[in-house]
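Asker: The amino acid sequence is not available; the structure is as follows:
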């Protein structure tokens, strides 16, 4: 009996050892990635079929990634790999696209296979779809088999973010980028791309204080960057300055956040006023970025918020907004039945803050313009001076929409 027990234990040990060995083999499929800083990500992405190794059993993680390889990896990163080896677009990715881009995929790429071309240039299918989705400009590349630099990667990531998420506040991202000593060696456009990827927590500089402008991106680095692009939980946390009181983390559409750098204390305080104005409409409002949208009722709110990103059908009754980049404030109102009365208190709250002692003058003029436009009376677009502010109105009589734009009077 004792011998039998020992035999069972020995068999179990050997079986477990074999399982552990098989798992190790599975998690280390290449001979040259053991202990590599990106080993885990390489294994995860290779298992998803994002990038392959070489026939000799190596991955060559520190070799430069080519432009066409990176574009292929980018496209496949937004897909799901099924058990039968077929692929489909990731549902979250599809929902993140504008209506126009969704239509492009449904119509122009209805039978897209996610596979290299067997006739002609192998990467054409990946480059074409990336270009049509506006992830890159094909004309900027004279050689798709060339090496990708860090600023090249930053550019592709920038335009991909523009189509799938939102861009960070430019003032905030540029403040982050200026910390790197070699930033000025990049062009102004490249600096914009670099700054965005830093603010998103997708790219980062080196410990020596340089970003690495002009450096080539390796295969391992490319996989890590794409992993951060497509999986927000993998991104590097970006903290706001504790000493800069004009920086504020605000909610965005879709439940995210972004850091805004306000140009002055007046606009920073105006953001708090937006929150107060929204509360006056109960649940019939949404504050995202620096825009407060006011809805007729919950039904309209649900319908508007259900629209895909990038829809050209805004339907909120009123928008109270701030534009930190141009230090401009605004009120947009669509004059449907009862819209003015429903939103008067919220508009007054915003206007009272902006104009102070001159608020009564603005409120009287605002009401007069809205009543006339709502009644179908022709009102010309014009600019007036109220206190220290220049107020410009733009009227769209066809849609009965009026935009009031407020900016500090220029000296």
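Answerer: Here it is on my side, so go on. Note that the structure is predicted; figures quoted are calculated from it, not measured.

Asker: what about residue 72, distance to residue 130?
Answerer: 9 Å (Cβ to Cβ, to the nearest Å). Yep, even glycine has a C-beta here, placed from its N, CA and C like the rest.

Asker: and what of residue 65?
Answerer: With Cβ to Cβ as the criterion, residue 65 and residue 130 are 15 Å apart.

Asker: now residue 318
Answerer: Distance of residue 318 to residue 130, computed by Cβ to Cβ: 38 Å.

Asker: Of those two, which one has the most company?
Answerer: residue 318 (26 against 22; other Cβ atoms under 10 Å).

Asker: Can you spell out the domain ranges of the protein, please?
Answerer: 1-28, 48-234, 247-408 (automatic domain parsing).

Asker: between the ones you listed, which one is nearest to residue 37?
Answerer: domain 48-234 (7.6 Å; Cβ to Cβ).

Asker: hey, what's the closest residue to residue 409 other than its chain neighbours bridged with?
Answerer: The spatially closest residue to residue 409, leaving aside those adjacent along the chain, is residue 390, at 5.0 Å (Cβ to Cβ, 6 or more residues apart in numbering). In this entry, residue 390 is beta-bridged to residue 385, residue 407, by DSSP bridges.

Asker: Could you do the one 5 residues further on as well?
Answerer: Taking DSSP bridges, one obtains residue 402 as the residues bridged to residue 395.

Asker: so who does the residue nearest to residue 409 touch?
Answerer: Counting by Cβ atoms under 8 Å, 6 or more residues apart in numbering, residue 390 touches 383, 384, 406, 407, 408, 409, 410.

Asker: Would you state the strands of the stretch 151-300 of the chain in chain order?
Answerer: 247-251, 257-261, 285-288, 291-294 (DSSP state E, counting those that start in this stretch).

Asker: Of those, flag the one that's most buried.
Answerer: The highest mean neighbour count among these, using mean count of other Cβ atoms under 10 Å, belongs to strand 291-294: a mean of 23.

Asker: okay, now residue 116: neighbour count?
Answerer: 13.

Asker: To residue 39, which of the domains of the chain lies closest?
Answerer: domain 1-28 (7.4 Å).

Asker: check contacts around residue 144.
Answerer: Counting by Cβ under 8 Å, 6+ apart, residue 144 makes contact with 66, 67, 68, 71, 121, 123, 127.

Asker: Reformat these as CSV; add secondary structure, distance to residue 203 and neighbour count.
Answerer: Shown next, in CSV, are the contacts of residue 144 (DSSP: H, G, I helix; E, B strand; the rest coil; distance: Cβ to Cβ, whole Å; neighbours: other Cβ atoms under 10 Å):
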residue, secondary structure, distance to residue 203, neighbour count
66, strand, 19, 19
67, helix, 17, 21
68, helix, 21, 21
71, helix, 17, 24
121, coil, 28, 12
123, coil, 23, 21
127, helix, 22, 20
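
Asker: Show me the shaky parts of the chain.
Answerer: Within the chain, the segments meeting pLDDT under 70 span 1-28, 307-314, 411.

Asker: Apply 80 and report the result again.
Answerer: 1-28, 242, 254, 306-314, 409-411 (pLDDT under 80).

Asker: Which parts of the stretch 301-411 of the chain are strands?
Answerer: Going by DSSP E, counting those that start in this stretch, the stretch 301-411 of the chain shows strands at 318-323, 328-334, 382-386, 389-396, 401-408.

Asker: Any buried residues in the fourth one, and which?
Answerer: Going by neighbour count (16 or more other Cβ atoms under 10 Å), the buried part of strand 389-396 is 389, 390, 391, 393, 395.

Asker: Which of the strands of the stretch 151-300 of the chain sits closest to residue 355?
Answerer: Closest of the strands of the stretch 151-300 of the chain to residue 355 is strand 291-294, at 17.5 Å (criterion: Cβ to Cβ).

Asker: ok, the closest one: who's next to it in the sheet?
Answerer: Strand 291-294 is paired, per DSSP bridges, with strand 285-288 (antiparallel), strand 318-323 (antiparallel).

Asker: got a list of contacts for that strand?
Answerer: Residues contacting strand 291-294 (Cβ under 8 Å, 6+ apart): 274-275, 277-278, 281, 284-287, 304, 316-322, 342-343, 346.

Asker: From those residues, list just the buried residues.
Answerer: For the contacts of strand 291-294, buried by 16+ other Cβ under 10 Å: 274, 277-278, 281, 284-287, 304, 316-322, 342-343, 346.

Asker: and residue 391, what does it touch?
Answerer: Counting by Cβ under 8 Å, 6+ apart, residue 391 touches 362, 383, 384, 385, 404, 405, 406.

Asker: quick one, what contacts the third one?
Answerer: Counting by Cβ under 8 Å, 6+ apart, residue 384 makes contact with 365, 390, 391, 393.

Asker: ok, 6 Å please
Answerer: Contacts for residue 384 (Cβ atoms under 6 Å, 6 or more residues apart in numbering) come out as residue 391.

Asker: likewise the first one?
Answerer: Applying Cβ under 6 Å, 6+ apart, one finds that residue 362 lies in contact with 351, 355, 386.

Asker: quick one on the thing from earlier: I'd like the strands of the stretch 301-411 of the chain laid out as TSV, including distance to residue 157.
Answerer: Converted to TSV, those look like this (distance: least, Cβ to Cβ, whole Å):
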stretch	distance to residue 157
strand 318-323	25
strand 328-334	29
strand 382-386	40
strand 389-396	35
strand 401-408	33
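
Asker: Out of the ones you listed, which is closest to residue 145?
Answerer: Residue 145 lies closest to strand 318-323 among these, at 42.7 Å (Cβ to Cβ).

Asker: any idea how far residue 404 is from the residue nearest to residue 409?
Answerer: In terms of Cβ to Cβ, residue 390 sits 11 Å off from residue 404.

Asker: residue ranges of the helices in the stretch 1-150 of the chain, please?
Answerer: Here the stretch 1-150 of the chain has its helices, by DSSP state H, counting those that start in this stretch, at 2-27, 39-47, 67-77, 91-96, 99-107, 124-132, 150-164.

Asker: Show me how far the fifth one is from its chain's centre.
Answerer: By that I understand helix 99-107. 19 Å (Cα atoms, centre = their mean, to the nearest Å).

Asker: and that helix, which residues are buried?
Answerer: Across helix 99-107, burial judged by 16+ other Cβ under 10 Å covers 101, 102, 104, 105.

Asker: The fourth one too?
Answerer: Taking 16+ other Cβ under 10 Å as the neighbour-count basis, helix 91-96 is seen to contain the buried residues residue 96.
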